[in-house]
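1. Give me a model of this one.
(chains A and B)
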Amino acid sequence: MSVDTASPGGSPRVNEDSELKQGVTGRLLYFYVLGDVLGSGIYVLIGLVAGAVGGAFWAAFAVGVTVATITGLAYAELVTKYPQAAGAALYVNKAFKNKTLTFFITFCMLSASYAAAGSLATGFAQYFGEVWAAAPALVVALAFIIGLAIINFVGITESVVANMIMTFIEIAGLIIVLIIGIVATVQGKVDFSRITEFSTESNPALGLLAGVALAFFAMTGFENAANVAEETQNPRRDFPRALIGGMATAGVLYVLIAVTAAITVPIEQLAQSDAALLEVVKAGVLPFSVAVLTIVFAIIAMVAITNTCLVCLVTESRILYGMAREDVVPAPFAKVSSRRVPWLAILFSVLVIAGLLFSGADLAQLANVTVVFTLLIYALVIISAVKLDKLDRTEEAFRAPRFLLAIGVVANFLILGYVIYDDPGSLVYCAALLAVGVVLFIAERLLGGGRPTTNLES
Amino acid sequence: MHVLIATDGSRQSLRAARHFKSFADPSKVTEIIVLAVTRPLASVSFVDEISADAKAPKPLLSSSFKAEAESAVAVIAAEFDDWSDTKVRTRVRSGTPSAEINRAAKMSNIELIVLASGSRGLTDTVLIGSTAQRVQATAPCPVLVVRPVPRVKRTKKKP
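-> Presented below is the predicted three-dimensional model:
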């Protein structure tokens, strides 16, 4: 035969004469990031942030978004250098070359994703309660996670188009809120004085920091973009643009939404609401039936949360699958069904998330756990970016401004310190989640018999 | 004749390729394209079960679904090593498998698509259909779907 084939190593002739550039485009990546970020935060957490800071809580969002976006710059730089799916674990390994630290970060990524999924499920149940108040929240949250697992089994998550539609719906929900804000302003039903109020018991700076920590949760999820890094058409050009563009868009929307919520609804009402953005809708400034609008908006919020939570489950099963392939956790986690789904990894993830839901942790606590893990990961990623500065640098690779990265590290550690100081109980959850990883690791040592591959990178 | 052989990295897809080879006339098949599709948003984008070292532990950090897809298409392509007059190309695309298979078939003027139907269990009939079903629904050319062997009932006959 005359072979015109791409060698497994990937010769430059791969797909050379293939019809078009093919794969995830920059635009799809942008919507992937935006959808993932939007779903995790504003719908779920805005009431808590408002309660922590007071009327000026938009400032907490502004700071949280900025710190997260600086971290995003470090990710963008590293992804353009190493466009592989492993994400943070890969970068930390390259920078520190310490196997224990790499495993630790991998388990942190897994744990962060579990805690995020738990808080998202709780948030979902709160919005569901607005549509059907009789439904018990715990049952709804559990059913939600099980439903997502089934969607994963069937394989709908593969659909790039479905992902984009969900993102559009998420944006639509936020635009409804903005329109309400504009209409209310025109009608003179707003109170602008509220946006400079701090209503915390302690000093405003601490209140703001508390808000920032929570608002930070609203930006998590962007790191999942590394999932599709390998299949992005032109990662060097598209990845930084899509990642930073998506985060900036989300950030601007967050601040605008926060201002809108503050001027249209009294802060106490926001803080006490389970589904705070609904309070804005319920303010009744639009000429539609409030009841209908409430249900429509609750559904939009649930779609948003679903989108992000689906990505969480995909990320978790990928990490478990990858670790099983490496013999770090028991091999059955790498088993795939005939539909190429790592069913045991998904099932296990559902059990862990269910455990979190049963533990009685509330939304803020689970969000704190997520934030603790992600802040630690983010800080290490930024340090890795700086350490790897001289390595593998190419002409076209994106390079984040160094002074911004310095600010990012300090800010990440500052917020991390505050969260631990403010809610030491979250460390118990962190330890419990990491223990799950340790148990798997020990199970593999005892039952698997094999040794892990000694080299992390072949 | 231009033939496209799709693989999802499964042994079943290797069987499909061999089945095609068992009856096809090498002198009439001028070109074969071996295609694998990775699914960026799925939990596992691609699983290679047919390479010689498919079962060996893979380092997490250098794991690459694209590389797995590339080794899988290389294995299938190697099946046709002895067809000296047939040009064999390999392709890895990214997206929804059924859509990408049909798109590739249209672009390369393929006259026959060869692929395997995934499972022998309930999943394909109960759930919303398999890649094979979706390919045949919109394929621009004839499709050869190689079904899995039905489960052998426990008799003493050797398989």
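2. what's the burial count for residue A:199?
-> For residue A:199, the count of nearby residues is 18 (other Cβ atoms under 10 Å in any protein chain shown). Backbone N, C-alpha and C define where each C-beta goes, glycine included.
3. my bad, should have said residue B:134
-> Each residue near residue B:134 was counted by other Cβ under 10 Å, and the total is 17.
4. what does residue A:355 give?
-> Neighbourhood size, residue A:355 [other Cβ under 10 Å]: 14.
5. Could you pull up the mean pLDDT of the host helix or strand of it?
-> For residue A:355, the element it lies in under DSSP states H and E is helix A:343-358. For helix A:343-358, mean pLDDT rounds to 93.
6. near chain B at all, the next helix or strand after it?
-> Per DSSP H and E, the first helix or strand lying C-terminal to helix A:343-358 is helix A:363-387. No: Helix A:363-387 stays clear of chain B (Cβ under 8 Å from any Cβ of the partner chain), getting no nearer than 12.7 Å.
7. Who are the packing partners of the helix holding residue A:355?
-> helix A:99-131, helix A:137-154, helix A:290-325, helix A:425-443 (3 or more Cβ pairs under 8 Å, 6 or more residues apart in numbering or on different chains; DSSP states H and E).
8. Determine which of those approaches chain B most closely.
-> helix A:290-325 (4.1 Å; Cβ to the nearest Cβ).
9. Residue B:88 should be in a strand, yeah?
-> Yes: assignment of residue B:88 by DSSP: H, G, I helix; E, B strand; the rest coil places it within a strand.
10. what ranges do the strands span in chain B?
-> B:2-7, B:31-38, B:87-94, B:112-116, B:143-146 (DSSP state E).
11. To chain A, which of those strands lies closest?
-> Nearest of the strands of chain B (Cβ to the nearest Cβ): strand B:87-94, 4.2 Å.
12. Which strands or helices does the closest one pack on?
-> Partner elements for strand B:87-94 (3+ Cβ pairs under 8 Å, 6+ apart): strand A:2-4, strand B:31-38, helix B:65-78, helix B:97-107.
13. Which elements pack onto the last one?
-> Same thing as helix B:97-107. strand B:2-7, strand B:31-38, strand B:87-94, strand B:112-116, helix B:131-138.
14. same thing but 6 Å
-> Packed against helix B:97-107 by the contact rule (3 or more Cβ pairs under 6 Å, 6 or more residues apart in numbering or on different chains; DSSP states H and E) you find strand B:31-38, helix B:131-138.
15. May I see those organised as JSON lines, with mean pLDDT and distance to residue A:148 added?
-> As requested, the helices and strands packed on helix B:97-107 are arranged in JSON lines below (pLDDT from 0 to 100; distance: least, Cβ to Cβ, whole Å):
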{"stretch": "strand B:31-38", "mean pLDDT": "94", "distance to residue A:148": "22"}
{"stretch": "helix B:131-138", "mean pLDDT": "86", "distance to residue A:148": "22"}
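16. can those go into CSV with extra columns for distance to chain A?
-> Converted to CSV, the helices and strands packed on helix B:97-107 look like this (distance: least, Cβ to the nearest Cβ, whole Å):
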stretch, distance to chain A
strand B:31-38, 6
helix B:131-138, 9
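17. just those: most buried one?
-> strand B:31-38 (a mean of 25; mean count of other Cβ atoms under 10 Å in any protein chain shown).
18. neighbouring strands for that one, and are they parallel or not?
-> If you go by DSSP bridges, strand B:31-38 pairs up with strand B:2-7 (parallel), strand B:87-94 (parallel).
19. tell me the most buried of these?
-> strand B:2-7 (a mean of 26).
20. Next, the angle strand B:112-116 makes with it.
-> Angle, strand B:2-7 to strand B:112-116, by axes from the mean of the first three to the mean of the last three Cα atoms, to 10 degrees: 20 degrees.
21. Strand B:2-7: how far from the chain's middle?
-> In this view, strand B:2-7 has its centroid 7 Å away from the chain centroid, taken as Cα atoms, centre = their mean, to the nearest Å.
22. contacts for that strand?
-> B:13, B:17, B:29, B:31-36, B:72, B:76, B:101, B:105, B:109-115 (Cβ atoms under 6 Å, 6 or more residues apart in numbering or on different chains).
23. what about burial for these, which qualify?
-> B:13, B:17, B:29, B:31-36, B:72, B:76, B:101, B:105, B:110-115 (16 or more other Cβ atoms under 10 Å in any protein chain shown).
24. got the CA positions of stretch A:240-254 in PDB?
-> C-alpha atoms of stretch A:240-254 as PDB (Å, rounded to 0.1, in the frame of the first residue of the first chain):
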ATOM      1  CA  PRO A 240      -6.200  33.200  25.200                       C
ATOM      2  CA  ARG A 241      -8.900  35.100  23.400                       C
ATOM      3  CA  ALA A 242     -11.700  32.700  24.100                       C
ATOM      4  CA  LEU A 243     -10.700  32.200  27.700                       C
ATOM      5  CA  ILE A 244     -10.100  35.800  28.700                       C
ATOM      6  CA  GLY A 245     -13.000  37.000  26.400                       C
ATOM      7  CA  GLY A 246     -15.400  34.600  28.100                       C
ATOM      8  CA  MET A 247     -14.300  35.500  31.600                       C
ATOM      9  CA  ALA A 248     -14.400  39.200  30.900                       C
ATOM     10  CA  THR A 249     -17.900  38.900  29.400                       C
ATOM     11  CA  ALA A 250     -19.100  37.000  32.500                       C
ATOM     12  CA  GLY A 251     -17.400  39.500  34.800                       C
ATOM     13  CA  VAL A 252     -19.000  42.500  33.100                       C
ATOM     14  CA  LEU A 253     -22.400  40.800  33.300                       C
ATOM     15  CA  TYR A 254     -21.900  39.900  36.900                       C
END
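25. can I assume residue A:369 is in contact with residue A:115?
-> Yes: at 4.0 Å, residue A:369 and residue A:115 qualify as touching, with contact defined as Cβ atoms under 6 Å.
26. I'd like the average pLDDT over stretch A:95-104.
-> Taken as a whole, stretch A:95-104 has a mean pLDDT of 88.
27. Is that stretch positioned near chain B?
-> No: Stretch A:95-104 lies apart from chain B when judged by Cβ under 6 Å from any Cβ of the partner chain; the minimum separation is 7.3 Å.
28. how far does that stretch sit from the chain's center?
-> That offset, for stretch A:95-104, works out to 23 Å (Cα atoms, centre = their mean).
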